[in-house]
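>>> A predicted structure for the sequence below; I have some questions about it.
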Amino acid sequence: DVQLQASGGGSVQAGGSLRLSCTISGFTDGTLAFGWFRQAPGKDREGVAGISSSDGSTVYADAVKGRFTISYDNAKKTVYLQMNRLEPEDTAVYYCGAGLGTFNYDYWGQGTLVTVSS
């Protein structure tokens, strides 16, 4: 059974940085895709960044391009989201996911809260 454990959220001032981690266990399929969604208060959940475990290709939402970087450490089975130049609009609960397609996830970790103050 695939399980995801997210960590790394917190509070930061605008312009600061945070790194989220998501450790994945219980899978043997080397073609899984991983990524991060977020949900701000009163808004729908949206895809932020995704990565393929097979070829390392990445995809980003326009709102985070150039500021966020997703990466995957296969040895540690961990997906990272490095978030730089954070903005108050990035405040949300962030969720990591895993599945067979980009932003098409069947498995989810618990959310981790990111709060950016101005």
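Thanks, I have the structure now.

>>> Give me the sheet partners of the host helix or strand of residue 36 and which way each runs.
Take DSSP states H and E as the rule and residue 36 turns out to sit in strand 33-39. Its sheet considered, strand 33-39 pairs with strand 46-52 (antiparallel), strand 92-101 (antiparallel) by DSSP bridges.

>>> what's the closest of those strands to residue 23?
Comparing those by their distance to residue 23 (C-beta to C-beta), the top pick is strand 92-101, with 9.0 Å. Any C-beta I mention is one placed from the backbone N, CA and C, and that applies to glycine too.

>>> what element comes up after that closest one heading to the C-terminus?
Scanning forward in sequence from strand 92-101 by DSSP H and E, the next helix or strand is strand 104-108.

>>> follow-up on the earlier one: show me what counts as buried in the strand holding residue 36.
Judged by neighbour count (16 or more other C-beta atoms under 10 Å), strand 33-39 contains these buried residues: 33, 34, 35, 36, 37, 38.

>>> Off-centre distance for it?
Strand 33-39 sits 4 Å away from the centroid of its parent chain (C-alpha atoms, centre = their mean, to the nearest Å).

>>> Now do that strand against strand 104-108: the angle between them, please.
80 degrees (axes from the mean of the first three to the mean of the last three C-alpha atoms, to 10 degrees).

>>> No further queries at this time; thank you.
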